[in-house]
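K.L.:
Provided below for reference: sequence and predicted model.
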Amino acid sequence: MWPVLQTLQQLDAFSHLAKLQVNGSPCVLAKRGGFPVGFPPLSGMKVYINGKFYSEQNAKVSVFDHGLLYGDGVFEGIRAYHGRVFKLKEHIDRLFCSARAILLDLPMTHAELMEATIETCRRNKLNDGYIRLVVTRGAGTLGLNPNRCSNPQVIIIAGKIQLYPPSLYKKGMEIVTVATTRNHHNAVNPAIKSLNYLNNIMAKIEANIAGYEEAIMLNAEGYVAECTGDNIFILKGSRMFTPPLSSGALHGITRGTAIDLVTDLGVLTSEPNLTRYDLYNADECFLTGTGAEIVPVVKIDQRVIGNGKPGPVTKKVVKAYKELTKVSGERIAKR
Ligand code: PMP
């Protein structure tokens, strides 16, 4: 029996499992690294929709919403640590950039969106967790014309997330390159954090089928773009490298933080086009993402990176990131 996924939190809780159709019904292929199998129970969560709070059961949008019908909308994945929302301003800045790129007028100001996000954490008594901020195009007709959509829906969900088991952060991850090419920037620019994630999902499915959690996506020219839900960094000698945004990498907030943190460690980052050869010959490699945080990578397409263990610079970045999340961010508690 395949249970119905009721919240994004539950979807995320299952993202580590490979799912395939067997005799027409979905089946769970793999359980990895001590992950619990099953869905977190409904938790009394309060979901924000357009200025009001609803229980999980009553948090609903129209089936005519173009966010559902066409993936027409934008979103952010944000984290809270120790009673503070980490890099909130940067996330809302990026939300505005994504919305502008798809000509979606956000119905709230930057300050209002920040406050609504913090208030959602308060209502859910969330000090540490994951926040999903979604703005859909709103309900329209069955045609795809966005002009027929009236009210963008602003949805904020504050819950928990654990993308990977703790052991994976200690041992490091093995990843593979997949055949699905990152969207061309003249088709759907990967810089837009849109609700249309099929490109990433197709790549993730390939990774899962191959038995991996995460995959490297190349762009149409064959250069490394990013992973399905994370940016990628390599260290070679005394320099750090990460693909340029023009390669099809998301302007990751954690990417920016990692660049700052390695700079503080005296390591400069540059952003040239990278090939798989560059990755295979790296001394160290790690992934960055709000949900995943900093993930050491120890094998790429079966090539061992460095000595096959998380490298010293990677470990320092992981530590520095953890320290930063303890002291930085917008306070959730009212002063
Ligand atoms: N690339 C993609 C495709 C993503 O979805 C994400 C966010 N999960 C990232 C990179 C990392 O971005 P951020 O550090 O802002 O979370």
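P.N.:
Done, it's in.

K.L.:
measure stretch 69-87 end to end?
P.N.:
One end of stretch 69-87 sits 31 Å from the other (Cα to Cα, to the nearest Å).

K.L.:
Which residues of this structure lie near the ligand?
P.N.:
77, 200, 226, 229-231, 250, 252-255, 288-291 (Cβ under 6 Å from any ligand atom). Where you see a C-beta, it was placed from the backbone N, CA and C, and this is true even at glycine.

K.L.:
ok, what's across the strand from residue 295?
P.N.:
residue 287 (DSSP bridges).

K.L.:
Assess the claim that it and residue 231 are in contact.
P.N.:
No. Between residue 295 and residue 231 no contact is recorded; they are 10.6 Å apart, counting by Cβ atoms under 8 Å.

K.L.:
Common neighbours of those two, please.
P.N.:
287-289 (Cβ atoms under 8 Å, 6 or more residues apart in numbering).

K.L.:
pLDDT score assigned to the residue minimising distance to the centre of the chain?
P.N.:
Of all residues in the chain, the one closest to the mean position by Cα atoms, centre = their mean is residue 229, 4.7 Å from it. We have a pLDDT of 98 for residue 229.

K.L.:
Would you list the buried entries among the shared contacts of residue 295 and residue 231?
P.N.:
Neighbour counting with 16 or more other Cβ atoms under 10 Å marks 287-289 as buried within these.

K.L.:
returning to that earlier point: nearest to the ligand among the shared contacts of residue 295 and residue 231?
P.N.:
residue 289 (3.7 Å; Cβ to the nearest ligand atom).

K.L.:
With adjacent residues omitted, what lies nearest to the closest one?
P.N.:
Setting aside the residues directly before and after it, residue 289 is nearest to residue 230 in space (Cβ to Cβ, 6 or more residues apart in numbering), at 3.8 Å.

K.L.:
now residue 197
P.N.:
Residue 197 sits nearest to residue 71 (Cβ to Cβ, 6+ apart), 7.3 Å away.

K.L.:
Got the phi and psi for the one you found?
P.N.:
For residue 71, the backbone dihedrals are phi 70, psi 30 (criterion: degrees, to the nearest 10).

K.L.:
The stretch 51-200 of the chain: strands as residue ranges?
P.N.:
Assigned by DSSP state E, counting those that start in this stretch, the strands in the stretch 51-200 of the chain fall at 52-55, 73-81, 84-85, 129-136, 153-159, 173-177.

K.L.:
List the residues that contact residue 129.
P.N.:
Taking Cβ under 8 Å, 6+ apart, we find residue 129 in contact with 79-80, 121, 158-161.

K.L.:
how far away is it from the ligand?
P.N.:
Distance of residue 129 to the ligand, computed by Cβ to the nearest ligand atom, to the nearest Å: 15 Å.

K.L.:
Ok, residue 263 next?
P.N.:
With Cβ to the nearest ligand atom as the criterion, residue 263 and the ligand are 17 Å apart.

K.L.:
Could you verify that that residue is part of a strand?
P.N.:
No. Counting by DSSP: H, G, I helix; E, B strand; the rest coil, residue 263 is not found in a strand; it is helix.

K.L.:
so what's it closest to, chain neighbours aside?
P.N.:
residue 269 (6.9 Å).

K.L.:
Which pLDDT value goes with that neighbour?
P.N.:
Confidence score, pLDDT, at residue 269: 98.

K.L.:
Next, it: secondary structure please.
P.N.:
Strictly by three-state DSSP, residue 269 counts as strand.

K.L.:
Please tell me I have it right and residue 227 contacts residue 175.
P.N.:
Yes. Using Cβ under 8 Å, residue 227 is in contact with residue 175, at 6.9 Å.

K.L.:
shared neighbours, the two?
P.N.:
Residues touching both residue 227 and residue 175 (Cβ under 8 Å, 6+ apart): 214-216, 287.

K.L.:
Quick check: of those, which lies closest to residue 237?
P.N.:
Nearest to residue 237 out of the shared contacts of residue 227 and residue 175 is residue 287 (Cβ to Cβ; 20.3 Å).

K.L.:
check contacts around the closest one.
P.N.:
Applying Cβ under 8 Å, 6+ apart, the residues contacting residue 287 are 173, 175, 214, 227, 230-233, 294-295, 297.
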